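Asker: sequence plus the predicted model coming up.
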Amino acid sequence: MPTVRVIDLETTGGQPWAHGVCEIGWQDVATDAAGDWQVTDERGAILTNPGRPIPPVTAAVHHIIDSDVVDAPLFRDAAPAILRGDFVAFAAHRASFEQRWCTPELAGGSPWICTWKCALRLWPNAPSFSNQVLRYWRMPAGLDRDLGLPVHRAGPDAYVTAHHLRDMLAEAPVEQLLTWSAEPGLLPRVYSGPYKGKAWSEVDDASLAAFIADRDEDVRFTAAAERDRRAGVVVAKPAAAQGVLL
C-alpha cells in the first residue's frame, strides 16, 4: 500500500557542517483498503551519536544530553535502515531542515513533502503554522495526546506531523503536496513591517515591489504571486484528493 514516512530530527544545531543528529523519529501514513490515508502503527525513534558535544542551548530544547548518546550509533550508520524503503515520499514539518541531513545518499531518491508549506496553502487562517500550534488549533481526530508528548522529541513530533499530513491528504493528492513543497512558502499574511498581519491584497504597489526584492525567498515568492494575481494571471487550483500516487 502507498506509504509516506514522516521524519523528525533532533540535532545539536542547524548546520550539518557544524552540527550532528542526536535523535531520529519516524511515523508512517499509508492508505487503507478503502484508499483512505491513515496514521499507522509503524512508528519509532532512536538516539544517535552526533559525533560532537550537545550544546546546552539545544539540550534545553530537546533535553538530550551527551551521556544519553555516548553509546548510540552514528546517524550515518543508523539512518539508512529507517530511510530506505518503498515510500512514495518522505514528509516533515519544514522539511528543508530534515533534508540537510537526510541526503539522497542516505535516504534514496524519494521526494519530500513539507507539511509547513502545505499548511500555508490548505489552512491559511491558522493563527500560526508551527507543528504544535496546528495541533491545538485543529485538534486532529485520533491523535493520542500521550504519544504526541513530549514536544521537541523526534518520535512524538513525527507522530503529530503525521496527523497533519493525513488530513492534508484528505484535501489534496500527493502530487499537489509535492508541488507545493518544491516551491517557496506562500505566506497568507504579511509578517513584518507596517503591513504586518494584513492580507497581501492590502499592500500597496510600491510596498509590494519592495517585498518582491526581499531577502527571504518565501516573501519574494508570495509578493510575486500577489503581483501576478493583480495582473490577472490564473493560478491553478488543487486537484481533487485521491488515495494513491499515480
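Answerer: Good, I have the coordinates.

Asker: what is the subsequent helix or strand relative to the longest helix belonging to the chain?
Answerer: Identified as the longest helix of the chain according to DSSP state H is helix 154-169. Next along the chain after helix 154-169, taking DSSP states H and E as the criterion, comes helix 174-182.

Asker: so what secondary structure elements neighbour that following helix?
Answerer: Using 3 or more CB pairs under 8 Å, 6 or more residues apart in numbering; DSSP states H and E as the contact test, the elements touching helix 174-182 are strand 89-92, strand 112-114, helix 115-122. All C-beta atoms are positioned from the backbone trio N, CA, C, and that covers glycine.

Asker: for the record, mean pLDDT for the helix or strand just after it?
Answerer: Downstream of helix 174-182, the first helix or strand assigned by DSSP H and E is helix 205-212. Across helix 205-212, the average pLDDT comes to 96.

Asker: going forward, the N-terminal residue is numbered 14.
Answerer: Done: numbering now begins at 14, and the last item shifts to helix 218-225.

Asker: tilt between the longest helix of the chain and helix 187-195?
Answerer: Angle of helix 167-182 versus helix 187-195, following axes from the mean of the first three to the mean of the last three CA atoms, to 10 degrees, is 120 degrees.

Asker: can I get the helices and strands packed on helix 187-195 in CSV with mean pLDDT and mean neighbour count?
Answerer: Formatted as CSV, the helices and strands packed on helix 187-195 follow (pLDDT from 0 to 100; neighbours: other CB atoms under 10 Å):
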stretch, mean pLDDT, mean neighbour count
strand 102-105, 98, 25
strand 125-127, 98, 24
helix 128-135, 98, 23
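
Asker: tell me which of the ones you listed lies nearest to Ser205.
Answerer: Closest to Ser205 of these, according to CB to CB: helix 128-135, at 16.1 Å.

Asker: quick check, Gln51 in a strand?
Answerer: Yes: assessed by DSSP: H, G, I helix; E, B strand; the rest coil, Gln51 belongs to a strand.

Asker: any idea which element the residue lying closest to Tyr204 once chain neighbours are set aside lies in?
Answerer: Once flanking residues are discounted, Tyr204 sits nearest to Val232: 7.6 Å by CB to CB, 6 or more residues apart in numbering. Here Val232, judged by DSSP H and E, is contained in helix 230-243.

Asker: still on that earlier bit, which helices and strands sit right next to the longest helix of the chain?
Answerer: strand 16-24, strand 34-44, strand 50-60, strand 102-105, helix 128-135, helix 144-151.

Asker: can you lay out these as JSON lines showing distance to Glu188?
Answerer: Below are those laid out as JSON lines (distance: least, CB to CB, whole Å):
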{"stretch": "strand 16-24", "distance to Glu188": "12"}
{"stretch": "strand 34-44", "distance to Glu188": "15"}
{"stretch": "strand 50-60", "distance to Glu188": "14"}
{"stretch": "strand 102-105", "distance to Glu188": "10"}
{"stretch": "helix 128-135", "distance to Glu188": "12"}
{"stretch": "helix 144-151", "distance to Glu188": "22"}
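
Asker: which one of these lies nearest to Ala238?
Answerer: Judging those by CB to CB, what sits closest to Ala238 is helix 128-135, at 11.1 Å.

Asker: what's the distance between the closest one and the middle of its chain?
Answerer: Counting by CA atoms, centre = their mean, to the nearest Å, helix 128-135 is centred 9 Å from the centre of its parent chain.

Asker: got the angle for it vs helix 144-151?
Answerer: 40 degrees.

Asker: got the angle between helix 128-135 and strand 16-24?
Answerer: Here the directions of helix 128-135 and strand 16-24 differ by 120 degrees (the same axes, to 10 degrees).
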